[in-house]
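**Student:** Give me a model of this one.
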Amino acid sequence: MAWIILFVAGLFEVGWAVGLKFTQGFTKPIPIVLTAISLALSMGLLGWSVKSLPLGTAYAVWTGVGAIGTAIVGIVLFKEPATAARLACLGLIVAGILGLKLFTPTS
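**Tutor:** The predicted structure follows:
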């Protein structure tokens, strides 16, 4: 269950990271509120997951899910480049996340 909570925390990290772009320098009230809610949920779920997962593993996975998700959103929504090298690097992050999942015991 902690891994699912951690993954959801990572998705909310994507939400607040992307939300920062939509706040336009913190000048748009609704995106600011939505970004803050996503940030609070992301942090809260990360905090919940570290009750049973090692901190270093949880933080690495959380940031990895956030980085991958944010990069994908950037490619899809903002037409950022999807070069082979960039996608390969994202694949390395995925490999790292899977490795941590496979080799991390939960309490």
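**Student:** Next, the residue nearest to the spatial centre of the chain: phi, psi?
**Tutor:** Nearest to the mean C-alpha position of the chain, by CA atoms, centre = their mean, lies Gly66 at 1.8 Å. Dihedral pair for Gly66: phi -60, psi -40, per degrees, to the nearest 10.
**Student:** which non-adjacent residue is nearest it?
**Tutor:** Glu13 (3.4 Å; CB to CB, 6 or more residues apart in numbering). All C-beta spots, glycine's among them, are computed from the backbone N, C-alpha and C.
**Student:** tally of neighbours for that neighbour?
**Tutor:** 25 (other CB atoms under 10 Å).
**Student:** and after the helix or strand where it lies, which helix or strand comes next?
**Tutor:** Secondary structure assignment for Glu13, by DSSP states H and E: helix 2-22. Per DSSP H and E, helix 2-22 leads on to helix 29-49 as the next helix or strand towards the C-terminus.
**Student:** Quick check: which helices or strands does that following helix pack against?
**Tutor:** Applying 3 or more CB pairs under 8 Å, 6 or more residues apart in numbering; DSSP states H and E, one finds that helix 29-49 contacts helix 2-22, helix 55-77.
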